[in-house]
Every structure is written in C-alpha cells, then in structure tokens.
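Q: Sequence first, predicted coordinates after that:
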Amino acid sequence: MTQASKHYPHYLDLQPVTQVQGTVKLPGSKSISNRTLLLAALAEGKTQIMDLLASDDTLVMLNALTQLGVHWEQDGDSQNYTVEGVKGHFPKHQADLFMGNAGTAIRPLVGALAVLGGDYTIHGVHRMHERPIGDLVDALNEAGAQIEYTGNPGYPPLHIRRGHIHAQRLQVKGNVSSQFLTALLMAAPLMAREHDVTIEVVGELISKPYIEITLNLMQKFGVTVERDGWQAFTVTKGQHYVSPGVIHVEGDASSASYFLAAGAIAGGPIRVEGVGKSSIQGDVRFAEALEKMGATITRGDNWIEATSNGVLQAIDMDFNHIPDAAMTIAVAALYANGTTTLRNIASWRVKETDRLSAMATELRKLGAIVEEGADYMTVTPPEHILPATIDTYDDHRMAMCFSLASLDGRARRGATMRINDPKCVAKTFPDYFEVFAKINHQDLF
C-alpha cells in the first residue's frame, strides 16, 4: 500500500518508446479519498468507502484518525474500508499527529480540530513545514480558535488547544490554496450548531474545481452549503454529517493526465477508467487542453480516451483551475510545434516542491528553452529531446510527468530518462511505473 511495503530502486531508466496503447484503471482520487475519510469520521453512522486510494497520503489520514479515536477497518486486501463515525466529537482530546507531506490531510484536519478543541500537536516532513497554512490559521484564530505556531509563523508545526469558536462570519484568502477554504467549509457544520456560519473569500479564489469536490461530498454526507458565487458560502445552523451508507471514490483525474498525454503523444489509443463525463473532479478538464493541442479525445460516463492526431500544437492557456494536471502539459509541450505558455500557476510554488522552479530546471536538461515567471512558464521544445537524469524533489508529480519524455511523438523522438528516487510516486500512485510499463510494453522491474 505504501512505499514502506513496496521496494523501489534508487533510480529507474526508461528507454525510448515508439507506441503506447491500452486501458488503465485509475487509482482512487487523493482529493476525494482524504475528504471522504474525514467526513465519514465526523458523521453519524458507519460509512463503507469503496476504492479508497492506496497511498502514503491516505495512510497518513487513516493513522491520524486512529490516534483521534476513530475506528476503521479495511476489507481484507481490498481498498474498501468501513469507518465508524463519531458524530462530530473525536473521542481522544489529546494527540501528536504526523501528517507527512499531505496537504489534503493536514489542512481539513486542522480546521476540524481547531473547532472541536483539545490538546493537539500537528506536524509533518520538512517540506510540509515550508508549505503555508497561515491564512487558514488566521481565519480560525480570528473566529475564536487557539492555534499556535511552534516553528516558523505561518507554517506547521502547530499546537491546537481548546478555543471557543464564536464568529458567525469568517474570512479567508483564496489566492494561495483552495484547501484553506475546503478546511473551513468542512468544519463549518461543527461551528453552526447554534447559528448560521458564513465563510467569505477575500480576493481571487484559485483551484475552484477542488471546492466543487468539497461541496459535492458535503452534500453526500447530508450538509447543504448555500453560496453566493465564489465569494461567500453559508452553512445554516443545525446541520450535521450523516453517513450515506456506501460511497464510491472516483479514479484520480490528476493521475489520468499522464496516460491521456501518453496517448496524445505516442499514438494510442489510451483509455483511462474511473473518470468520465460524470466526474466531480475538475482535472478531467485536462483533456480539453489536449484537444486544443490537437489530440483526439472521446469520453464515456466512466472513461476518457486519447489518441494522437498528428503533431501536437503549442497552446497559450490559463491553468489556474487545474494546476496539478497542468504540469503534464509542460512536458507534452516538448512534442508540440511552437512555444507553449502556461499561465496563472503561482500555486505551483507552494506545492510538494517549488514546482515552477523544479519543472524549469528539469525541462532545460532535456534541451527545452524555458522562461519561468512568478506565475507563468513558457516551454519551447528542442529539436531533439536530450537524454537526462531527472531529479524528482520528493514530488510524485515530477517523477510521473517526466516519464513521458521517453515517448516518441510525431514531432520528435523521446530519449532515455533516468528517474531518480522513483519511490516518491507512493504519495498518490505506488504502482505508477508498473502501469506505465504496461502501456508501452516494457518490463521495468
């Protein structure tokens, strides 16, 4: 399930591949998995969660829930789990919680713990202590929570003590991470026991599709959020989470991007199963970017398929709505005619690594001309992709993205890619390289 239970070499060498084809069953969505785990824990009743993502990030959340007194069981070796809800009150009021580098776990959990109160310390790996959480902490403290920084102000680690949430209106900035708003939304029913609670967004809200996921899942657990566009969200008093009984986790749309891009670059068709026209994830719109680049995309209710349709064309596009999947476009740009521009991606800088800097550095190793701005990137492909050793920065998406540079496209051929520290994919997709090998008919291990 995790990198601890799976052996990875120190590096992987990917040889050039002329054609990819096949069907990929996607792992569960990380965003849906960790939201669902917390909602199931806070709900009244038992929840069966089907097809939960098997990854380091979900294990972090499961371990934290155990320390908080939540009982859950895994169904044999499957990825189906049963969580016994605690009706809005964690049984254990004191815990030391290690959250790894899982933003989808630490931020919503901080919101819930701050509202419910207790004596909690919460921390993670070194990089987590460099990822901002100040906007969320400020919003909670202004509402009556008691959260202290035990390291650098604005960043984990944190000490959460029992406060008293009294505010009926909270404000949070929306321009750094949508997870701050998600955390407040998920905690809002815990605050709205005696009065309505409204959360106002200050400034621009990035990554809006991830808020849609949050609202959709809250609805499935019985809480309706009234909204004023993207500026204000209200939870009326007296609502509480109730188990839907059974909930299915969609396949991960961000993970789909690598395989769809592979089909667009190197022939295809590649079909991903687990997301489709009815998906609640915004990252399915990644396929629209591939269409703009000239790929052929077909969609079903629970699948998407990509096929190459000649040489890819460069695009100039705003990726604020799908920042994670946008990384895949930066590598697909190596196979396009002309210069591709990715705009409005400042949030890359506060992810698992500074992804703007990391992507620029690694793309240049392949011979690309890259312009890196504060919130944008341009990629001009080389005449020939150069063989390279790719550093992955302990960032799962770096490893998965650059595997694509081994593919032969219509415009230019791929090259041998050495991927350093491939175990970083365990964060969301432990079997990524085995699945990638199947569609290009290689044996990596």
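A: Nice, I can see it. Residues are numbered from 1 along each chain as shown.
Q: only C-alpha atoms for contact and neighbour calcs from this point on.
A: Fine.
Q: all helices for the protein, in order.
A: 30-42, 56-67, 103-116, 134-142, 178-191, 208-220, 253-265, 286-292, 323-332, 355-365, 396-403, 432-439 (DSSP state H).
Q: The ones you listed into a markdown table, with extra columns for mean pLDDT?
A: Below are the helices of the chain laid out as a markdown table (pLDDT from 0 to 100):
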| stretch | mean pLDDT |
| --- | --- |
| helix 30-42 | 98 |
| helix 56-67 | 97 |
| helix 103-116 | 97 |
| helix 134-142 | 97 |
| helix 178-191 | 98 |
| helix 208-220 | 97 |
| helix 253-265 | 98 |
| helix 286-292 | 97 |
| helix 323-332 | 96 |
| helix 355-365 | 98 |
| helix 396-403 | 98 |
| helix 432-439 | 96 |
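Q: Deepest in the core, which of those is it.
A: helix 253-265 (a mean of 29; mean count of other Cα atoms under 10 Å).
Q: what packs against that one?
A: strand 20-25, strand 267-273, helix 286-292, strand 303-307, helix 323-332 (3 or more Cα pairs under 8 Å, 6 or more residues apart in numbering; DSSP states H and E).
Q: Dump those into CSV; add distance to residue 139 as well.
A: What follows is the helices and strands packed on helix 253-265, written out as CSV (distance: least, Cα to Cα, whole Å):
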stretch, distance to residue 139
strand 20-25, 39
strand 267-273, 39
helix 286-292, 32
strand 303-307, 39
helix 323-332, 24
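Q: Which one, of the ones you listed, ends up nearest to residue 250?
A: strand 267-273 (9.5 Å; Cα to Cα).
Q: Who does the closest one pair with, and is each partner parallel or antiparallel?
A: Sheet pairing for strand 267-273, assigned by DSSP bridges, gives strand 20-25 (parallel), strand 303-307 (antiparallel).
Q: ok, back up a step: out of the helices of the chain, nearest to residue 423?
A: helix 396-403 (8.1 Å).
Q: Can you report how many residues lie near residue 7?
A: 10 (other Cα atoms under 10 Å).
Q: Name the residues of stretch 153-169 that come out as buried.
A: Counting neighbours by 16 or more other Cα atoms under 10 Å, one finds that the buried residues in stretch 153-169 are 154-169.
Q: what two of the residues you listed have the greatest distance between them?
A: 157 and 168 (27.3 Å).
Q: so what are the domain limits for the chain?
A: Structural domains assigned to the chain are 11-28+252-441, 30-248, following the TED database.
Q: Excluding covalently adjacent residues, which one is nearest to the residue located most distally from the centre of the chain?
A: In the chain, counting by Cα atoms, centre = their mean, residue 194 sits farthest out from the average C-alpha position, at 33.5 Å. Using Cα to Cα, 6 or more residues apart in numbering and skipping the chain neighbours, the partner closest in space to residue 194 is residue 237 (5.7 Å).
Q: likewise residue 138?
A: residue 172 (8.0 Å).
Q: Could I get the contacting residues of the one you found?
A: For residue 172, the contact set (Cα atoms under 8 Å, 6 or more residues apart in numbering) comprises 135-136, 138-139, 180-181, 199-202.
Q: which one of the helices and strands packed on helix 253-265 lies closest to residue 409?
A: strand 267-273 (7.7 Å).
Q: Would you confirm that residue 282 contacts residue 320?
A: No. Using Cα atoms under 8 Å, residue 282 makes no contact with residue 320, being 11.0 Å away.
Q: re earlier: nearest to residue 127 among the helices of the chain would be which one?
A: That would be helix 103-116 among these, by Cα to Cα, at 10.8 Å.
Q: that older thread, now tabulate the contacts of residue 172 in a markdown table and tack on distance to residue 57.
A: A markdown table is the format used below for these (distance: Cα to Cα, whole Å):
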| residue | distance to residue 57 |
| --- | --- |
| 135 | 22 |
| 136 | 20 |
| 138 | 25 |
| 139 | 25 |
| 180 | 18 |
| 181 | 20 |
| 199 | 27 |
| 200 | 29 |
| 201 | 27 |
| 202 | 29 |
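Q: For residue 76, grab the count of nearby residues.
A: For residue 76, using other Cα under 10 Å, the count is 8.
Q: Quick check: it vs residue 243, distance?
A: 22 Å (Cα to Cα, to the nearest Å).
Q: What of residue 118?
A: Distance from residue 118 to residue 243, by Cα to Cα: 24 Å.
Q: Spatially, what comes nearest to residue 84 if we skip its sequence neighbours?
A: residue 46 (4.5 Å).
Q: show me what contacts residue 231?
A: 200-202.
Q: What subset of these is buried?
A: 200-201.
Q: Just the ones in strands from the contacts of residue 231, please.
A: The strands, defined by DSSP state E, take in 200-202 from the contacts of residue 231.
Q: Tabulate the residues you listed (a markdown table), appending distance to residue 32 and pLDDT.
A: Shown next, in a markdown table, are the ones in strands among the contacts of residue 231 (distance: Cα to Cα, whole Å; pLDDT from 0 to 100):
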| residue | distance to residue 32 | pLDDT |
| --- | --- | --- |
| 200 | 23 | 98 |
| 201 | 22 | 98 |
| 202 | 25 | 97 |
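Q: Return the member of these nearest to residue 33.
A: residue 201 (24.9 Å).
Q: In contact with the closest one, which residues?
A: With the criterion set at Cα under 8 Å, 6+ apart, residue 201 makes contact with 171-174, 181, 230-232.
Q: switch the cut-off to 6 Å
A: Residues near residue 201 by Cα atoms under 6 Å, 6 or more residues apart in numbering: 171-174, 231.
Q: same check, this time on residue 207
A: Contacts of residue 207 by Cα under 6 Å, 6+ apart are 178, 320-321.
Q: what number of residues lie near the closest residue to it other than its chain neighbours?
A: Closest residue to residue 207 apart from its sequence neighbours, by Cα to Cα, 6+ apart: residue 321 at 4.4 Å. Applying other Cα under 10 Å, we find 20 residues neighbouring residue 321.
Q: And the pLDDT for residue 321?
A: We have a pLDDT of 94 for residue 321.
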